[in-house]
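# Okay, here's the prediction I keep looking at, along with the sequence it came from:
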Amino acid sequence: MCNDMDLFFKPIVLVTGFGPFLGHPVNASWEAVKLMNKEVLEKEHNIELVTLELPVTYSNVDEFVPALWDTHEPKLMIHVGVSRLAESLTLETQAHRKGYQRQDYLEQCPANHCCAAPGGGAVRLHTKLDVSRICAELNQDEELTAVESKDAGRYLCEYIYYTSLAADNTRTLFVHVPDMNVWDTARVTRGLERIVSLCLTQLRERESLNDTAGKMAEVSLQDTNEI
């Protein structure tokens with residue numbers, strides 16, 4: 001039975017894209033993100049979908065991304081960026097703390113070229129989502145292709161990914177999308193919608209396993225107390 005409060009406090013899925021930067025006066029990531037079908041995704045998964053455009057600056061990531069985690073406590077966080085090298089949807093598996101030497105839109109670099117994410121510190125962080133499985137399921141669709149990557153580029157894309165992985169790597173993913181002259185926006189948007197669905201499926205499965213494990217532990221404890 002549905003609790004009345006569930007109607008007001010649905011789990012939030014946050015998807016971000018980036019704004020313009022040098023060489024990309026129109027950023028394919030935000031163009032695709034902003035067209036995601038909010039009504040369909042929310043109805044299908046009983047969530048609230050929040051999409052945001054972020055400026056291509058390190059300081060904005062430092063300021064806004066931790067605040068997004070604190071404010072929304074998202075069930076799933078997906079960051080999206082464009083890559084001129086991408087020929088398909090490219091799902092990043094990891095992000096590094098150091099090596100950010102490229103200047104952002106304001107011609108700035110982070111202090112010591114390191115990500116200052118709260119909770120960070122590890123040289124490298126990995127997502128706990130099963131990227132291989134997501135790619136395999138995406139590739140079953142003839143109109144979509146996806147690949148894994150271990151190199152997110154040491155720029156704002158990797159910087160924001162590390163920041164969110166430091167907040168919670170169990171429900172964070174980064175997706176590089178091709179530029180608009182490689183894939184049209186509608187195709188990218190459909191791929192992102194599919195990725196959201198596949199990630200939520202994994203999270204539901206994980207929750208179900210945890211619930212089962214918890215119930216088995218309770219039964220085991222009761223049996224022990226009765227001996």
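Alright, I've got the coordinates. Keep in mind it's a predicted model, so treat the numbers as computed, not measured. Residues are numbered from 1 along each chain as shown.
# Which residue ranges of this structure form helices?
28-33, 38-45, 58-72, 131-138, 156-167, 185-226 (DSSP state H).
# What is the third one packed up against?
On a contact count with 3 or more C-beta pairs under 8 Å, 6 or more residues apart in numbering; DSSP states H and E, helix 58-72 meets strand 12-18, strand 48-54, helix 156-167. Every C-beta, even on glycine, is put in place using the N, C-alpha and C of the backbone.
# what about 10 Å?
strand 12-18, strand 48-54, strand 76-82, helix 156-167 (3 or more C-beta pairs under 10 Å, 6 or more residues apart in numbering; DSSP states H and E).
# for the fifth one, same thing?
When contacts are defined as 3+ C-beta pairs under 10 Å, 6+ apart, helix 156-167 sits against strand 12-18, helix 58-72, strand 76-82, strand 89-92, strand 94-96, strand 124-126, strand 172-177.
# Provide the strand pairings for the first one, with the direction of each partner.
Okay, so that is strand 12-18. Paired neighbours of strand 12-18 in the sheet (DSSP bridges): strand 48-54 (parallel), strand 76-82 (parallel).
# Now do it and strand 172-177, the angle between them.
40 degrees (axes from the mean of the first three to the mean of the last three C-alpha atoms, to 10 degrees).
# Strand 12-18 - what's its average pLDDT?
Mean pLDDT, strand 12-18: 98.
# Now do it against helix 38-45: the angle between them, please.
140 degrees.
# Just the C-alphas of strand 12-18, formatted as PDB.
Provided in PDB are the C-alpha atoms of strand 12-18 (Å, rounded to 0.1, in the frame of the first residue of the first chain):
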ATOM      1  CA  ILE A  12      15.300  12.200  -6.800                       C
ATOM      2  CA  VAL A  13      17.300  11.400  -9.800                       C
ATOM      3  CA  LEU A  14      19.700  14.200 -10.700                       C
ATOM      4  CA  VAL A  15      21.200  14.500 -14.200                       C
ATOM      5  CA  THR A  16      23.600  17.300 -15.000                       C
ATOM      6  CA  GLY A  17      24.900  18.600 -18.300                       C
ATOM      7  CA  PHE A  18      27.600  21.300 -19.000                       C
END
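# what about it, distance to the chain center?
7 Å (C-alpha atoms, centre = their mean, to the nearest Å).
# What of stretch 69-85?
With C-alpha atoms, centre = their mean, you get 4 Å for stretch 69-85.
# cool, stretch 113-123 as well?
18 Å.
# Can you pull up the most central residue in the protein?
Centroid-nearest residue in the chain: I78, 1.9 Å away (criterion: C-alpha atoms, centre = their mean).
# From A111, how far off is it?
I78 sits 27 Å away from A111, going by C-beta to C-beta, to the nearest Å.
# where does this structure have its least confident helix or strand?
helix 185-226 (a mean of 83; mean pLDDT, DSSP states H and E).
# So N169 is in contact with A117, correct?
No: in this structure N169 lies outside contact range of A117 using C-beta atoms under 10 Å: 11.4 Å.
# higher neighbour count, those two?
For N169 versus A117, neighbours defined as other C-beta atoms under 10 Å are more numerous around A117 (23 against 19).
# ok, now which ones touch the more buried one?
61-62, 65-66, 95, 97, 125, 159-167 (C-beta atoms under 10 Å, 6 or more residues apart in numbering).
# how about it, phi and psi?
phi -60, psi 130 (degrees, to the nearest 10).
# Ok, N181 next?
According to degrees, to the nearest 10, N181 has phi -80, psi 0.
# what sits against it?
Applying C-beta under 10 Å, 6+ apart, the residues near N181 are 28, 84.
# still on that earlier bit, need the helices and strands packed on helix 156-167 in CSV (columns: distance to A136).
What follows is those, written out as CSV (distance: least, C-beta to C-beta, whole Å):
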stretch, distance to A136
strand 12-18, 22
helix 58-72, 29
strand 76-82, 18
strand 89-92, 11
strand 94-96, 19
strand 124-126, 18
strand 172-177, 15
